[in-house]
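> Turn this into a structure:
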Amino acid sequence: MKKLIGVVGAIVLMAITFFTSAAEKITVFAAASLTNAMQDVATAYKAEHKDVDIVFSFASSSVLAKQIEQGAPADIFMSADQKWMTYLIEHNIAKNKQDLLKNGLVLIAPKSSPLDNVLINNNTNWQAILPKDERIAIGDPDHVPAGLYAKQSLSNLGVFNKLLPQFAPASNVRDALMLVERNEAALGIVYSTDAKVSDKVKIIGAFPADTFKSIEYPITLLNLKASDFYQYLNSPQAKAIFEKYGFITK
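As a prediction, the model looks like this:
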């Protein structure tokens with residue numbers, strides 16, 4: 001009898017293992033600024049599709065695009081700007097794209113900062129709000145989308161080169177946020193959605209929308225097996241989650 005129970009137990013274990021391994025895995029490469037929202041979207045989706053496992057790789061859009069170009073197994077790519085989506089399309093890796101979300105660009109400071117409301121325009125006194133011995137966290141302006149938007153805005157405001165020596169460049173926008181959270185930078189330039197997920201920083205100013213290109217999040221389907229989840233990103237349920245985090249939906 002014990003032998004029979006042992007055999008039955010082994011069969012049950014094999015069945016559990018089979019069904020667990022049989023779960024469809026969808027790999028999503030997404031811009032770091034989408035981290036919290038996409039994790040919530042995936043949780044909502046998996047509540048209705050228990051046989052699907054969604055795995056994320058969050059990083060700068062430029063890093064993700066390069067990884068995909070080199071053969072990384074992404075089923076969906078979600079970029080924080082048009083540049084790196086266009087890059088994959090031009091290299092015949094992505095066939096098409098759709099613009100899913102929009103975002104804003106803001107100036108942040110640690111919660112303990114005495115700075116409050118800063119009006120950002122051509123007359124902003126940056127020397128007063130950022131003394132020479134202080135730093136401003138920013139996504140690397142050479143390749144990180146948030147940094148590229150910040151560079152464009154600061155250039156149009158005529159202060160990019162003046163502030164350049166005080167930049168604390170980060171590998172992605174969430175790392176820039178972290179530098180301000182840790183008080184390692186007195187100021188930071190991040191997306192409005194990133195600032196809203198942190199209880200350690202405060203938004204002290206917003207960059208004028210006419211000083212940088214519209215912050216758009218294009219997405220593309222790289223593997224048909226992820227079609228259902230790809231379509232779900234446009235659903236009312238997903239849009240409600242994105243809007244909760246401050247994204248502007250189409």
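> Residue ranges in this protein under the pLDDT threshold?
The chain contains residues with pLDDT under 70 at 1-22.
> hey, where'd the helices end up in it?
All helices of the chain, identified by DSSP state H, fall at 2-21, 35-48, 61-69, 82-90, 126-129, 145-156, 160-163, 173-181, 192-196, 227-232, 236-244.
> Could you single out the most deeply buried of those?
helix 173-181 (a mean of 24; mean count of other CB atoms under 10 Å). All C-beta atoms are positioned from the backbone trio N, CA, C, and that covers glycine.
> Return the list of helices and strands in contact with that helix.
Helices and strands touching helix 173-181, as assessed by 3 or more CB pairs under 8 Å, 6 or more residues apart in numbering; DSSP states H and E, comprise strand 105-110, strand 136-139, helix 145-156, strand 167-170, strand 187-191, helix 192-196, strand 201-206.
> who touches that helix?
With contact meaning CB atoms under 8 Å, 6 or more residues apart in numbering, helix 173-181 is reached by 31-33, 35, 58, 60, 80, 108-110, 135, 137-139, 144-147, 168, 170, 185-191, 194-195, 198, 200-201.
> Those residues, buried ones only, as a ChimeraX selection?
Buried residues among those (16 or more other CB atoms under 10 Å), as a ChimeraX selection:
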select :31,32,33,35,58,60,80,108,109,110,135,137,138,139,144,145,146,147,168,170,185,186,187,188,189,190,191,194,195,198,201
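> Contact partners for residue 206?
Contacts of residue 206 by CB under 8 Å, 6+ apart are 104-107, 120, 192.
> circling back to that earlier point, arrange the helices of the chain in TSV, one row each, with distance to residue 250 as further columns.
Below are these laid out as TSV (distance: least, CB to CB, whole Å):
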stretch	distance to residue 250
helix 2-21	36
helix 35-48	15
helix 61-69	19
helix 82-90	14
helix 126-129	35
helix 145-156	19
helix 160-163	31
helix 173-181	21
helix 192-196	16
helix 227-232	14
helix 236-244	8
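> wait, which of these is closest to residue 210?
Closest approach to residue 210 among the helices of the chain (CB to CB): helix 145-156, 8.2 Å.
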